[in-house]
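Chemist: Following is a predicted model, sequence given first.
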Amino acid sequence: MPPAPAVRLSWPEDALLADFRTPMRCVSSAALNGGLAAAGHWLALQVGAGELGDDPALRLAEAALALRLDPRDVVGMLTTADVRAGVRRDHGDATAVAAVAGDVAVLLVADVPLGDAALVAALQTATTAAGDALAATRLRAAAVSVCVAAPPARRGEPARLAGALAASIGLAVHGAVRSGARIHQRTLRALGEV
């Protein structure tokens, strides 16, 4: 029997929600619980252009509460991307989820424990891969927000970002963002906006 996926996705109203199988250590630039945090969920909340409001963290906390989640257990981002078009790509020990439009929201889940330095290295790798995917599709984005999640390292476990994992991260993120960008471009063409 294959192992349970590290992340389960759902699409509540105007949101893309990832529930982690186990609590994860995260690093991100998210408005809600950004920086280094422990979390059980990642939330990308869709907003209209210019609807960020005065307090994005409060807006995300309220959205988490509406979903019956403890806001302290959620890493949350605002995005103008159509979250219903979120794309998932798996490669090796990495799973990437991306919502792409005028900005990009990315979740990268590593299935192996990572220490602090390895989390930051994974964040750099994922951000670079997202930028490369946008360049390959010639899509301009106002911002790229990335959250990296990994199980906490246990005593004696390696917690370094090895070459094989770094490659898996790059390929998973590049694939998710590139697919999301193509979906967004097709949507714009269908609407006559390109």
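Modeler: Arrived safely, thanks for sending.
Chemist: Where does pLDDT dip in the protein?
Modeler: Applying pLDDT under 70 to the chain flags the ranges 1-5, 52, 156-162, 194.
Chemist: Taking the centroid of it, which residue is nearest it?
Modeler: residue 107 (1.6 Å; CA atoms, centre = their mean).
Chemist: quick check: longest helix of the protein.
Modeler: For the chain, the longest helix by residue count, based on DSSP state H, is helix 163-190.
Chemist: Show me what it is packed up against.
Modeler: strand 87-91, strand 94-100, strand 104-110, helix 116-137 (3 or more CB pairs under 8 Å, 6 or more residues apart in numbering; DSSP states H and E). No exception for glycine: its C-beta is placed from N, CA and C like everyone else's.
Chemist: which secondary structure elements does the last one contact?
Modeler: Using 3+ CB pairs under 8 Å, 6+ apart as the contact criterion, the neighbours of helix 116-137 among helices and strands are strand 15-28, strand 104-110, strand 144-150, helix 163-190.
Chemist: Any buried residues in it, and which?
Modeler: By neighbour count on 16 or more other CB atoms under 10 Å, the buried set for helix 116-137 is 118-119, 121-123, 125-131, 133-134, 137.
Chemist: relative to strand 15-28, how tilted is that helix?
Modeler: 130 degrees (axes from the mean of the first three to the mean of the last three CA atoms, to 10 degrees).
Chemist: and the angle for helix 116-137 with strand 144-150?
Modeler: Going by the same axes, to 10 degrees, helix 116-137 makes 140 degrees with strand 144-150.
Chemist: repeat for the shortest one
Modeler: With the same axes, to 10 degrees as the criterion, the two stretches strand 87-91 and strand 144-150 enclose an angle of 50 degrees.
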